[in-house]
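Asks: 3D model of this:
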Amino acid sequence: MTSQHARPRHTRPRHVRSPHVRAVEPRVAQELRERDDAGRPCVPVVDTEGGAPLRCCLRRSEPGERVALVSYAPLRRWAAQTGARPGAYDKQGPVFLHAEECPGPEPSPDSTAPAGPATYPFARPGALRVLRRYSADGHLLGGRFLEIPEAADEALDAALAETFAEPEVALVHVRAVEYGCFLYEVRRP
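Replies: Numbers count the residues shown, from 1 in each chain. Here you go, the predicted model:
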């Protein structure tokens, strides 16, 4: 990535399978572009290679797009909205966003329709994920490891159904195992 300026090229965002899968909210993304959750100013760069997982629209960047790597505290932000008190479970980590405002993910026209290929964000077969479960108080209840199979949507549907079958689970953070990065949030249906 370089720090050269380029016009933003926002391609049409992918459909998101479940209405409960949540990108970083536009208001929060704008706040992070001004100052991230670690208190640092945003430093946009041109992504010369593409492929960065953008949490603002839940798709990968394309070569030439301006992106920013910012520190984000998703549990802290959720707790501020809900009154939860996560205590020591609060953590922040790096996420990519478009450097400028983007339209966000495109909602699926019918989230009950059969899934198309890779309708969950960043669901590449072979990718390793952990579904971290949190209570309504913001306390960590554990996690579930998942290696994404060829039938990614069905596997994620099943893993989330199993996770939310536990009544104390209010929120799930889907994270990449390799780097521990937050990918997206899933709230109880």
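Asks: For the closest residue to Ser61 other than its chain neighbours, give me its contacts.
Replies: For Ser61, ignoring the flanking residues on the chain, the nearest one in space by Cβ to Cβ, 6 or more residues apart in numbering is Ala52 at 4.2 Å. Glycine gets a C-beta too; all of them are placed from N, C-alpha and C. Neighbour list for Ala52: Arg60, Ser61, Val67, Leu69, Phe96 [criterion: Cβ atoms under 8 Å, 6 or more residues apart in numbering].
Asks: per-residue confidence for Ala52?
Replies: The model reports Ala52 with a pLDDT of 96.
Asks: got it, and the one 10 residues further on?
Replies: According to the per-residue confidence, Glu62 scores 97 in pLDDT.
Asks: Put together CSV for the contacts of Ala52, with neighbour count on each row.
Replies: Listed next are these as CSV, based on neighbours: other Cβ atoms under 10 Å:
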residue, neighbour count
Arg60, 18
Ser61, 24
Val67, 21
Leu69, 18
Phe96, 22
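Asks: Out of the residues you listed, which sit inside strands?
Replies: Arg60, Val67, Leu69, Phe96 (DSSP state E).
Asks: Now do the second one against Cys56, distance only.
Replies: Plainly put, Val67 is 9 Å away from Cys56 if you go by Cβ to Cβ, to the nearest Å.
Asks: Now do the shared contacts for those two.
Replies: Common contact partners of Val67 and Cys56 (Cβ under 8 Å, 6+ apart): Leu97, His98.
Asks: what two of the contacts of Ala52 are the furthest from one another?
Replies: Greatest spacing in those, by Cβ to Cβ: Arg60 and Leu69 (14.2 Å).
Asks: that's a helix at Glu31, yeah?
Replies: Yes: counting by DSSP: H, G, I helix; E, B strand; the rest coil, Glu31 is part of a helix.
Asks: burial count for it?
Replies: Using other Cβ atoms under 10 Å, Glu31 has 16 other residues around it.
Asks: And it, how close does it get to Leu156?
Replies: Glu31 sits 29 Å away from Leu156, going by Cβ to Cβ.
Asks: same deal with Cys57?
Replies: Cys57 is 19 Å from Leu156, by Cβ to Cβ.
Asks: Now do the strands in the chain.
Replies: Under DSSP E, the chain gives strands at 15-16, 21-22, 45-47, 53-54, 59-60, 65-72, 93-98, 106-107, 128-134, 140-147, 171-176, 182-187.
Asks: List the buried residues in the helix ranked longest in the chain.
Replies: The helix that spans the most residues within the chain, counting by DSSP state H, is helix 152-164. For helix 152-164, the neighbour count (16 or more other Cβ atoms under 10 Å) marks Ala152, Asp153, Ala155, Leu156, Ala159, Leu160, Thr163, Phe164 as buried.
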